[in-house]
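[1] Quick one, what's the 3D model for this:
(one chain, ligands or ions: 1)
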Amino acid sequence: MSAPEPVPAASAAAPAPADIVVEDVGRSFGAVQAVRSVRFTARAGEVTGLVGPNGSGKTTLLLMLATLLVPDRGTIRIGEHDPVTESAAVRATLGWMPDVLGSWANLTVRRSLVLTARLYGITGRAADDRAAELVELVDLAELADRPTRVLSRGQKQRMSLARALVHDPRVLLLDEPASGLDPGARIALRVLLRRLAAEGRTIVVSSHVLAELDELADRAVFLEAGSTVSADRVEAARVAERGWRIRALDAEGLREALRAQGIDADRIVAEPQGLVVPLAGDERAAELLAALVGAGIRVVSFAPAVGDLEHTFLDLNSDGEAAR
Ligand SMILES: Nc1ncnc2c1ncn2[C@@H]1O[C@H](COP(=O)(O)OP(=O)(O)OP(=O)(O)O)[C@@H](O)[C@H]1O
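    Residues are numbered from 1 along each chain as shown. A predicted model of the protein is given here:
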């Protein structure tokens with residue numbers, strides 16, 4: 001994607017902020033309880049990440065937010081509207097990017113965007129102009145006049161994002177938006193979503209690319225077997241012992257110094273980028289770094305081996321039923 005340009009509003013009026021409030025929502029498919037009890041608030045001006053293992057209910061939840069599935073229980077508010085009883089108003093408010101693009105295979109990228117714009121009441125020249133802006137925004141200008149069936153997976157993702165943005169929605173729901181994108185396109189997506197959030201939109205993103213989400217999301221909602229994980233459990237997982245990767249000019253000297261600091265030899269793991277040791281909390285890490293430097297070790301890098309979200313995710317999923 002190219003460096004993002006401002007997304008001109010399709011409507012003249014400045015959009016009012018729209019929080020999403022989800023209270024005790026559930027949805028089953030026959031005997032399968034895809035979503036059991038989910039509650040969270042996604043605030044306008046922020047990116048909220050939806051994180052959970054395969055089958056934990058993320059897509060089902062997003063479909064309910066997007067008015068495409070009716071909950072069996074609980075309530076959802078998107079701004080001032082209820083997706084069940086006011087689905088038209090909610091659809092006008094939100095842009096939905098599904099994990100798989102359903103597209104008109106024989107239509108060109110441009111034509112698809114024009115038709116989508118028309119579905120949202122943008123007609124004539126305005127629809128053509130909007131399609132032209134969006135193909136630039138998602139870096140598909142060169143492919144704008146090719147049928148959508150020729151697009152690669154990553155290009156389809158960009159097309160899907162463009163479609164979600166057609167009516168300049170106040171709320172964006174994105175299911176795995178980074179999947180299939182190359183590194184440059186991922187960075188462009190992050191920059192674009194951060195800017196859209198800074199302009200006051202409410203953005204909910206589900207993703208398994210947790211390093212990406214760490215840099216993108218203001219807050220995360222963790223799902224486990226269809227339910228939101230309590231804030232206490234998330235915090236306990238976040239501060240639990242994790243691996244820190246340390247690199248020094250003299251690797252052997254570092255290893256000895258770590259042992260001298262009381263870290264068992266069998267808990268020191270050598271990786272290409274340095275030695276990984278388990279540490280509980282930032283305080284302990286800061287103390288160890290000071291001790292290593294104090295012992296004359298020339299430390300080149302010292303950082304968590306995985307990001308916050310990934311660490312929390314892994315810890316939540318390692319403690320299983322016992323911690324529930
Ligand atoms: N239409 C359906 N009919 C029956 N079961 C379904 C249906 N949709 C989802 N499920 C089941 O509900 C559960 C949650 O599925 P969902 O797709 O919401 O999970 P997810 O968190 O999005 O998973 P992933 O990370 O793999 O995309 C799964 O067990 C799935 O098999």
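[2] right, and Leu223 touches Val229 too?
    Yes: counting by Cβ atoms under 8 Å, Leu223 does reach Val229; the two are 7.1 Å apart. In short, each C-beta sits where N, CA and C put it, glycine included.
[3] and this structure, which residues reach the ligand?
    Within the chain, the positions lying close to the ligand (Cβ under 6 Å from any ligand atom) are 29, 32, 34, 52, 54-60.
[4] Can you list the low-confidence ranges for the stretch 201-324 of the chain?
    Within the stretch 201-324 of the chain, the segments meeting pLDDT under 70 span 319-324.
[5] quick one: the helices in it?
    210-216, 231-239, 251-260, 281-294, 308-318 (DSSP state H, counting those that start in this stretch).
[6] could the ones you listed go into JSON lines alongside mean neighbour count?
    Supplementary listing: the helices of the stretch 201-324 of the chain in JSON lines, determined by neighbours: other Cβ atoms under 10 Å:
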{"stretch": "helix 210-216", "mean neighbour count": "19"}
{"stretch": "helix 231-239", "mean neighbour count": "14"}
{"stretch": "helix 251-260", "mean neighbour count": "16"}
{"stretch": "helix 281-294", "mean neighbour count": "14"}
{"stretch": "helix 308-318", "mean neighbour count": "19"}
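[7] Could you export these as JSON lines, including distance to Arg153?
    Shown next, in JSON lines, are those (distance: least, Cβ to Cβ, whole Å):
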{"stretch": "helix 210-216", "distance to Arg153": "16"}
{"stretch": "helix 231-239", "distance to Arg153": "32"}
{"stretch": "helix 251-260", "distance to Arg153": "40"}
{"stretch": "helix 281-294", "distance to Arg153": "39"}
{"stretch": "helix 308-318", "distance to Arg153": "23"}
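[8] Leu216 touches Leu193, doesn't it?
    Yes: under the criterion of Cβ under 8 Å, Leu216 makes contact with Leu193 at 6.1 Å.
[9] Common neighbours of these two, please.
    By Cβ atoms under 8 Å, 6 or more residues apart in numbering, Leu216 and Leu193 have these common neighbours: 47, 205.
[10] Please export the C-alpha coordinates of stretch 295-312 as PDB.
    Taking C-alpha atoms only, stretch 295-312 is exported to PDB below (Å, rounded to 0.1, in the frame of the first residue of the first chain):
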ATOM      1  CA  ALA A 295      29.900  -6.800  36.100                       C
ATOM      2  CA  GLY A 296      31.500  -5.400  33.000                       C
ATOM      3  CA  ILE A 297      29.400  -7.300  30.400                       C
ATOM      4  CA  ARG A 298      29.100  -5.300  27.200                       C
ATOM      5  CA  VAL A 299      25.400  -5.700  26.600                       C
ATOM      6  CA  VAL A 300      24.300  -5.000  23.000                       C
ATOM      7  CA  SER A 301      20.600  -5.700  23.400                       C
ATOM      8  CA  PHE A 302      18.200  -6.700  26.200                       C
ATOM      9  CA  ALA A 303      14.500  -7.100  25.500                       C
ATOM     10  CA  PRO A 304      11.500  -9.400  25.900                       C
ATOM     11  CA  ALA A 305      11.800 -12.300  23.500                       C
ATOM     12  CA  VAL A 306       8.100 -11.900  22.500                       C
ATOM     13  CA  GLY A 307       5.800  -8.900  22.600                       C
ATOM     14  CA  ASP A 308       3.200  -8.300  25.300                       C
ATOM     15  CA  LEU A 309       0.200  -9.700  23.500                       C
ATOM     16  CA  GLU A 310       2.000 -12.800  22.400                       C
ATOM     17  CA  HIS A 311       3.300 -13.400  25.800                       C
ATOM     18  CA  THR A 312      -0.100 -12.900  27.400                       C
END
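[11] next one: that stretch to chain centre, how far?
    Mean C-alpha position of stretch 295-312 versus that of the full chain (Cα atoms, centre = their mean, to the nearest Å) differs by 23 Å.
[12] So for it, what gets flagged as buried?
    In terms of neighbour count (16 or more other Cβ atoms under 10 Å), stretch 295-312 has its buried residues at 297, 302, 304-307, 309-312.
[13] Show me how the chain divides into domains.
    As assigned by automatic domain parsing, the chain contains the domains 20-229, 241-323.
[14] Glu235: which of those domains is closest?
    Glu235 lies closest to domain 241-323 among the domains of the chain, at 8.9 Å (Cβ to Cβ).
[15] distance of Leu279 from Ala236?
    Using Cβ to Cβ, to the nearest Å, Leu279 is found at 16 Å from Ala236.
[16] Quick check: bridge partners of the residue nearest in space to the middle of the chain?
    Nearest to the geometric centre of the chain sits Val205, at 3.8 Å (Cα atoms, centre = their mean). The partner list for Val205 in beta bridges (DSSP bridges) reads Gly49, Leu174.
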